[in-house]
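Participant: Quick one, structure for this:
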Amino acid sequence: RTKGPGMLTEAAVPDPCLAAVFACLTRPRDITACGRVSKRWRRIVDEYRHTAWEGVVACGLRATPTERSGTALFVWGTGRWHMLGRLNRADSPRPRELKFFRDRKIRQVACGGLCSCVLLENGDLYVFGDNSFLQHGMATKDVIPGCTLVTELAGKVARVDMGFAYIIATLTSGRRCAWGIGEFGTLLLQPGDYTGPTWRDNSQLPREMPPRSFGGHYVTQLSCGDTMVLGLTAQGAVVAWGSNQAGRLGIGLTQQEQFGVVEVKALSGKSITKVQCGGAHTLALAANGDVYSWGSGGVSSFTTSVAVTGGIARLGHGIFIPEFALVETYPCLPFPCRVPCLPPACDVACGQWHSFVVAAAVRDNGTRDVYGFGGNAYGQLGLPAMAVFTPTRVPSLSDLPIRVPGGLIGGRLHSAAVTLDGMLHTLGWGEYYQLGTGSAPERSSNPAAVTALRPFVVEAAAVGKFHTLTVVRQREGCQQASREEEDDEEDEGEQEDENEEGSEDDDEEVEGEMQEDDMLIYYEEEEQEGAEFEFEGDTDDGSGDGDSDTGGEQEGGAAGEAQGPPPTGANRHV
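Facilitator: Take a look at the predicted model:
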């Protein structure tokens, strides 16, 4: 409201309105360009500078290139824990539309460990899949079929980021809310902020992340690992919080947990433009094209060997450099170091134990060189070796005109690439039909086009542990793609059969086993001394932790859970 030309007056304005005003400004000093500003408005501006109001510019009101809206959601993979958002648990070897979101504009999709999020253009956020750590934002750990609306934030969400079993939502007001597992400070909840039995317990409902915890940093971009969160400020600085085990935050080894936002001083002045978290490691891209890496290079007591995780290979520095440190006999990089042997880059992507770098130079046909390093036991890098310790050009991906930025997506043990023409290519572990090609290969190092999506243009994709999501729109010049009603009717019949056979008991049993296994994984690094790496106990927390694994060695095959090798057959129900 103005009184006279360019003068802001004192008025009681709701927070969302303030955020909308601030979102139109690119720099804080632009507020003073309006003319005289009252002391109250200056005080409000100073207060909001300590929150994430600038994040609205990048994450909400102005969509980034990787957040293209679509009108349909296709899912495939295993239906365990209702990870595909349906009322049944049937597997989907090929992409199938999730009709719940038909003709609804989808802004963003994200995958965590065993659950996923879908954000609509109207600000509604839906969660489906596992609920062992209250990821659905409800005060129950029951298995919830279908898609759950986070009612506390209905119509308010601008962007969502997911870790292993926690969710951070950036609101249109510029503030952030978080829920799920609060271990290691990922939710930025202090002992006095939590009202549960203990402050380490899970947050049942979305809780606002205290503005004071941001310490004056204007965080515009987030990337979530298993137990740590990295952020990027408007000034190009990198901040972090959560678990610092094995140097995951890049701030050294003096503190194991960080319950407030701390700046990664080693990257000060580097003008970082993007940060990307893997399970327990991170890549940062600088404005001049340099790539920095840091984090854990160890293996878990639940994995078979370094051949599965790649160990320090995910950091891209070879076998040894002086900056390496040892934590429980495992190497790590506690401070960011520039990755050698790379040309200037324009994009980076991280999987659970592997990393991608896209070169900035573009050829006449629209292709760019893609470099990969890290664990490659299942071909997720597109290279033949089991582990790649230094950046190595990936010919199969370099021949694809991959969309930049955001065209490469690293998952747990499989990867996906979106090309400029809107096609999706997948590679890596496909034992649970994650690749969407109709087959279930244990290892696939050649990117395969998901032909079932040819009638559509893929706008966005998210890769989970056992499943894949894509947001699509109808391709111009193609007839309306047929959406088979028979498949859903068949699935409903299968669901009725499962209920008659006692599928509810299976759900309860699997939920309990999974929760117990995942909690073991969280404390795995404290129990690594003297651990024997046996394949039978191989588990994964599902969000990308570099110290846990779902994959098996050649001797044991691929294992998705603690119960042993995955079942076989066309439909692998719990």
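Participant: For the stretch 101-250 of the chain, which segments count as strands?
Facilitator: When assigned using DSSP state E, counting those that start in this stretch, the strands of the stretch 101-250 of the chain occupy the ranges 106-111, 115-120, 125-129, 148-149, 157-162, 166-171, 176-180, 203-208, 219-224, 228-233, 238-243.
Participant: helices and strands around the last one, which ones?
Facilitator: Which is strand 238-243. The helices and strands touching strand 238-243, judged by 3 or more C-beta pairs under 8 Å, 6 or more residues apart in numbering; DSSP states H and E, are strand 228-233, strand 257-263. Any C-beta I mention is one placed from the backbone N, CA and C, and that applies to glycine too.
Participant: Can you list the strands that it pairs with?
Facilitator: Looking at strand 238-243 with DSSP bridges, its partner strands are strand 228-233 (antiparallel), strand 257-263 (antiparallel).
Participant: got the contact list for whatever helix or strand comes next after the last one?
Facilitator: Translated: strand 257-263. Along the chain past strand 257-263, the next helix or strand (assigned with DSSP states H and E) turns out to be strand 272-277. For strand 272-277, contacts defined as C-beta atoms under 8 Å, 6 or more residues apart in numbering pick out 221, 223-225, 228-232, 236-238, 282-287, 292, 347-350, 405, 544.
Participant: Generate a ChimeraX selection restricted to the buried subset of those.
Facilitator: In ChimeraX syntax, the buried subset of the contacts of strand 272-277 is picked out as below (16 or more other C-beta atoms under 10 Å):
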select :221,223,224,225,228,229,230,231,232,236,237,238,282,283,284,285,286,292,347,348,349,350,405,544
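Participant: picking that back up, so which of the strands paired with strand 238-243 gets nearest R207?
Facilitator: With distances scored as C-beta to C-beta, the stretch of the strands paired with strand 238-243 nearest to R207 is strand 257-263 (14.1 Å).
Participant: And stretch 400-417, end to end?
Facilitator: Start to finish, the residues bounding stretch 400-417 are 9 Å apart (C-alpha to C-alpha, to the nearest Å).
Participant: Mind putting the helices and strands packed on strand 238-243 into JSON lines with distance to L435?
Facilitator: Output for those, formatted as JSON lines (distance: least, C-beta to C-beta, whole Å):
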{"stretch": "strand 228-233", "distance to L435": "29"}
{"stretch": "strand 257-263", "distance to L435": "37"}
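Participant: Which of the ones you listed comes out lowest on mean pLDDT?
Facilitator: Comparing mean pLDDT across those, the weakest is strand 257-263, with a mean of 88.
Participant: so that one versus strand 219-224, what angle?
Facilitator: With axes from the mean of the first three to the mean of the last three C-alpha atoms, to 10 degrees applied, the angle from strand 257-263 to strand 219-224 works out at 140 degrees.
Participant: Can I get strand 257-263 as CSV, trimmed to CA atoms?
Facilitator: Extracted C-alpha coordinates of strand 257-263, given in CSV (Å, rounded to 0.1, in the frame of the first residue of the first chain):
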residue,chain,number,x,y,z
GLU,A,257,26.0,-33.5,14.4
GLN,A,258,25.0,-30.0,13.5
PHE,A,259,21.6,-28.7,14.7
GLY,A,260,21.9,-25.3,13.1
VAL,A,261,22.9,-24.0,9.7
VAL,A,262,26.7,-23.6,9.3
GLU,A,263,28.6,-22.3,6.4
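Participant: Buried residues in that strand, which are they?
Facilitator: Using 16+ other C-beta under 10 Å as the burial criterion, the residues of strand 257-263 that qualify are E257, Q258, F259, V261, V262, E263.
Participant: Dig out what the fifth one forms beta bridges with.
Facilitator: Note on V262: beta-bridge partners by DSSP bridges are A240.
Participant: So what does I312 have for phi and psi?
Facilitator: Backbone dihedrals for I312, given as degrees, to the nearest 10, come out at phi -70, psi 0.
Participant: Now for the closest residue to it other than its chain neighbours: which residues touch it?
Facilitator: Ranked by C-beta to C-beta, 6 or more residues apart in numbering and with sequence neighbours excluded, the top spatial neighbour of I312 is G297, at 3.3 Å. Contacts for G297 were tallied using C-beta under 8 Å, 6+ apart; they are 246, 281, 311-315, 324, 330-333, 546.
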